[in-house]
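Novice: No sequence on hand, only this structure:
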C-alpha cells in the first residue's frame, strides 16, 4: 500500500514552471513588435505632414502666380512686355510673344518646398482688341 501512496503524491505535484503567466521572453518579443509598429506609424505621420506642407506651399505659390497673370492680362495690350517680379518668396519671370492677333504670356514661377525648389509654368494669351 505504501507504493500506491507514493504514486499519488507524484501525480499531484505542481509543475516547476507555471504556464498561466507571461514569461520574460514573451514580454520582450511583444515589446519589440509594438515598438516596430509604433515607429512605422510615427514615420508615416511625418511623411503625411511633409506632404501636406508641400501641398500648401504649392497652392500658395499658384495663387500668387495667378494673381500676377491677372495683372498682366489687365495691362494695356501695347504696354505688355517681358518682366520679372517677386512676391512672398515666389520668384516669377514672364515672356511675352506677339503674333498678329494676340500676345502669348508664359509665366514661370519658382518657390521653395521642403527639400529643394520647384518651378512651374502658366501660359495664357491676351487678344488684340
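Specialist: Noted; the coordinates are in hand. None of these values were measured; they are calculated from a predicted model. Residues are numbered from 1 along each chain as shown.
Novice: Mind naming the longest helix for this structure?
Specialist: helix 24-73 (DSSP state H).
Novice: I'd like the next helix or strand past it.
Specialist: Using DSSP states H and E, the helix or strand that follows helix 24-73 towards the C-terminus is strand 83-87.
Novice: need the contact list for the spatially closest residue to residue 81 that is not a sequence neighbour.
Specialist: If you skip the residues right next to it in sequence, residue 81 has residue 96 as its closest partner in space, 5.8 Å away by C-beta to C-beta, 6 or more residues apart in numbering. (C-beta placed from N, C-alpha, C; glycine too.) With contact set as C-beta atoms under 8 Å, 6 or more residues apart in numbering, residue 96 has these partners: 80-82, 103-105.
Novice: again with residue 65
Specialist: 90, 92, 107, 109, 120, 122.
Novice: what's the distance between the residue nearest the centre of the chain and residue 25?
Specialist: Among the residues of the chain, residue 51 comes closest to the average C-alpha position under C-alpha atoms, centre = their mean, at 1.3 Å. Shown here: residue 51 relative to residue 25, a distance of 40 Å by C-beta to C-beta, to the nearest Å.
Novice: go on, residue 112?
Specialist: For residue 112, the distance to residue 25 - C-beta to C-beta - is 51 Å.
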